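Student: Sequence below, structure please.
(2 chains)
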Amino acid sequence: MTVRVRGLHVRLGGRPVLRDVSLEVPAGSWTAVIGPNGAGKSTLLRAVLGVLPSDGEITVAGADLAALKPRQRARLVAYAPQSPNLPVGMTVFDYTLLGRSPYIPHLGRESVHDRAVVAEVLDRLDLTGLAGRPLDHLSGGEKQRVVLARALAQQTSVLLLDEPTTALDIGHQQQVMELVDQLRLSDELTVVTTIHDLTLAGQYADDLVLISGGRVAAAGTPGEVLSREAIEEHFGARVRVTPGPDGRPLLSLERP
Amino acid sequence: MTGATGNVPRDERGRGLAERGAHGRLRVLPLGVALGLLAASLLAGVLVGAADLPVAGVVKALVDRVPFVHVDSGLSTVETNVLFELRVPRVLMAALVGGLLALAGAGYQGVFRNPLADPYLLGAAAGAGVGATLVIVVMPGNPEYGVPLAAFAGAVLGVVMAYVLGHTAAQGNGAATLVLAGVAVSSFLAAVQTFLQQMKAEELQRIFSWILGGVGSADWHQLALVGPYALVSTVVLLVHGRLLDVLSVGDEEAASLGLSAPRVRLTVLVAASLATACAVAVSGLIGFVGIVVPHAVRRLAGGSYRVVLPLSLLGGAAFLEVTDLVARTVIAPGELPLGVVTAFVGGPFFVAVLRASRRQVEA
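Tutor: Numbers count the residues shown, from 1 in each chain, chains lettered A, B, ... in the order given. Next up, the predicted model:
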């Protein structure tokens, strides 16, 4: 489903964080939101999620998100935060089951179907062996997969991932990104991630949106957005941009 | 998304997995153990006491009360009166108070996402203290049910004050602000209570004996008084187990799962505070139960609130039952204040639970 944001303004504690942000994420595509620290990337994701008060229009497949009830919204958009709260002692299975919450009556209990969905998701993410393991006994890579599992259990068509690869080594970064890409293709998910690693963003995303100072500074394909000049201007970094074997840009730092 | 449902849900495997990973469900063994402990402690509570009632007679007299069953207990009228007017109400009251406090504690811990939260966190204890002290000071002699009623009102008032203060101080309803408001209200009310009791120092003995807690004065009327509130708050708390589990990932993530955290928090707080007020009204201030019992349950049976809430109710009832038994037998015919004994019995009990659960983890 297409995600469309028009004229989004967000103020946090009286301070404007996002100003007149507009972007469009076509159904089934992957858009990476990049930008320097404090530019408002996470805020953008949380505004789209609907947990922050904002002005402007956010629609998913034409439906106004602000007009939906929280449970309906949670069946359309799933979210994996940058630093999730992982309750101590909760098992992987129970944590993933939380993703079924939008489908379970408030005071009711989960159905056999809900449990089957969770089992299915754990199987796809290769987590079945860890189902009974408490969250605090997992490695960083496993935790990231479990958070993804909870989001997938929501069975939404839009997936918002805030920095899914922070604190992961290069092997696990590749693993998570490949996994998200596979899921996107097989389930026709629309994916929006914030991400710091610009090369990684350029490798996986269809489109990049560069946020700087609360505004959209550039948007387009990785080749269009990741220019030496733009990175110097918005990140204050000197890099060499070279096209990789598949044409996607590769960044390397230049020493002065 | 089609993938997760595209393959026909393999319910068989879902169930198999559920068996292994399902700490979220209350299972038969822990429930059976908790019920067994409660039944045993209730029976012990009825059998042991100052008046030496024959065991067989007591059992027969209890069975006789079951509808359509008639057994001759062989107890004298005095003995029957001791059993049904003193011991049974006291035993039921101890179980009720213990269950309510442990359940309320578990609820508070879920709301504040902190295992150290206790049912008195928001000023219920200090408020009840003011209420009870006020009645004792103002109404000399025997104020009948004035003390429990005033304590109940005071407890509710304390929590309401903390909630309103916390709510207006911070525009949102952050849990941390609420706790701070609770601390402020508690200190303020404790000061009021001290002031009241200093004005009438000759009543200190009565005030302190109320504060230290006990269920020695329990009767059927008191039980009937708090029964309805206790029932409502218990039911409300028990059905919120799953939502408290969702709340454990924090407000924002709970919102992303379609749950309004402030609403759940308010409902659980109201129910838990009502439960606390009931307990405080009829038993004074009994600490420890609200923290230790849920924590022990968590250690032994898992952290999901769907397990912690019901097992805390049963475990708290059994725990306070045993504690009351100790309170009225150790220095018989005298009685120890219940609040003192909970800490005395609870300390070693807690160490034992910690050791047992550590062994379980290592094994």
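Student: Show the pLDDT at residue 69.
Tutor: Here I'm looking at chain A. According to the per-residue confidence, A:Lys69 scores 91 in pLDDT.
Student: my question was about chain B
Tutor: In this model, B:Val69 is scored at 78, pLDDT.
Student: try the one 4 residues further on
Tutor: Looking at B:Ser73, its pLDDT stands at 75.
Student: what does B:Gly346 give?
Tutor: At B:Gly346, the pLDDT recorded in the model is 76.
Student: Look up how far B:Ala34 lies from it.
Tutor: When distance is defined by C-beta to C-beta, to the nearest Å, B:Gly346 is 17 Å away from B:Ala34. Where you see a C-beta, it was placed from the backbone N, CA and C, and this is true even at glycine.
Student: if I pick B:Ala184, what's in contact with it?
Tutor: Shown in contact with B:Ala184 (C-beta atoms under 8 Å, 6 or more residues apart in numbering or on different chains): B:162, B:165.
Student: Now it, what are its backbone angles?
Tutor: phi -60, psi -50 (degrees, to the nearest 10).
Student: now it: how far from chain A?
Tutor: Here the criterion is C-beta to the nearest C-beta, to the nearest Å. By it, B:Ala184 lies 24 Å from chain A.
Student: For that residue, give its distance to B:Ala169.
Tutor: With distances taken as C-beta to C-beta, B:Ala184 is found 9 Å from B:Ala169.
Student: my read: A:Glu163 touches A:His196, true?
Tutor: Yes - using C-beta atoms under 8 Å, A:Glu163 is in contact with A:His196, at 6.7 Å.
Student: which one of those two has more residues nearby?
Tutor: A:Glu163 (19 against 14; other C-beta atoms under 10 Å in any protein chain shown).
Student: Kindly provide the distance from that one to A:Phe235.
Tutor: Look at A:Glu163 and A:Phe235: by C-beta to C-beta, they are 16 Å apart.
Student: cool, and B:Gln198?
Tutor: 67 Å.
Student: separation between whatever residue of the stretch 151-256 of chain A ends up closest to chain B and A:Leu45?
Tutor: Residue of the stretch 151-256 of chain A nearest chain B, by C-beta to the nearest C-beta: A:Asp187 (3.9 Å). Distance, A:Asp187 to A:Leu45, by C-beta to C-beta: 20 Å.
Student: of those two, who's got more company?
Tutor: Shown here are A:Asp187 and A:Leu45; by other C-beta under 10 Å, A:Leu45 has more neighbours (23 against 20).
Student: For B:Val99, list the residues it contacts.
Tutor: Rather than Val, residue B:99 is Gly. Contacts of B:Gly99 (C-beta under 8 Å, 6+ apart): B:234, B:312-314, B:316-317, B:320.
Student: actually B:Pro119, sorry about that
Tutor: B:Pro119 sits in contact with B:101, B:104-105, B:107-108, B:272-273, B:275-276, B:279, B:290, where contact means C-beta under 8 Å, 6+ apart.
Student: Can you verify it is assigned to a strand?
Tutor: No - counting by DSSP: H, G, I helix; E, B strand; the rest coil, B:Pro119 is not part of a strand but coil.
Student: Please report the distance of it from B:Cys278.
Tutor: As judged by C-beta to C-beta, B:Pro119 and B:Cys278 stand 11 Å apart.
Student: cool, B:Asp219 as well?
Tutor: Look at B:Asp219 and B:Cys278: by C-beta to C-beta, they are 15 Å apart.
Student: Do you have the strands of the stretch 101-250 of chain A handy? List them.
Tutor: Ranges of strands in the stretch 101-250 of chain A, per DSSP state E, counting those that start in this stretch, are A:158-162, A:190-194, A:207-212, A:215-220, A:239-243, A:249-253.
Student: Format those strands as TSV; extra columns: distance to chain B, mean neighbour count and mean pLDDT.
Tutor: Formatted as TSV, the strands of the stretch 101-250 of chain A follow (distance: least, C-beta to the nearest C-beta, whole Å; neighbours: other C-beta atoms under 10 Å in any protein chain shown; pLDDT from 0 to 100):
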stretch	distance to chain B	mean neighbour count	mean pLDDT
strand A:158-162	8	24	94
strand A:190-194	10	24	95
strand A:207-212	20	23	94
strand A:215-220	24	16	93
strand A:239-243	33	13	91
strand A:249-253	30	15	91
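Student: Any idea which of the ones you listed gets closest to B:Ala150?
Tutor: B:Ala150 lies closest to strand A:158-162 among the strands of the stretch 101-250 of chain A, at 51.5 Å (C-beta to C-beta).
Student: So which elements touch the closest one?
Tutor: Helices and strands touching strand A:158-162, by 3 or more C-beta pairs under 8 Å, 6 or more residues apart in numbering or on different chains; DSSP states H and E, are helix A:41-49, strand A:77-80, helix A:140-153, helix A:170-187, strand A:190-194.
Student: And these: which comes nearest A:Gly108?
Tutor: Proximity to A:Gly108 (C-beta to C-beta) singles out helix A:140-153 among these, at 16.8 Å.
Student: Return the set of buried residues in that closest one.
Tutor: By neighbour count on 16 or more other C-beta atoms under 10 Å in any protein chain shown, the buried set for helix A:140-153 is A:141-153.
Student: Dump those into CSV; add pLDDT and distance to chain B as well.
Tutor: CSV is the format used below for the buried residues of helix A:140-153 (pLDDT from 0 to 100; distance: C-beta to the nearest C-beta, whole Å):
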residue, pLDDT, distance to chain B
A:Gly141, 86, 20
A:Glu142, 90, 14
A:Lys143, 91, 13
A:Gln144, 90, 15
A:Arg145, 91, 15
A:Val146, 94, 12
A:Val147, 94, 10
A:Leu148, 92, 13
A:Ala149, 93, 10
A:Arg150, 95, 8
A:Ala151, 94, 9
A:Leu152, 92, 7
A:Ala153, 94, 7
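Student: I am finished for the moment; much appreciated.
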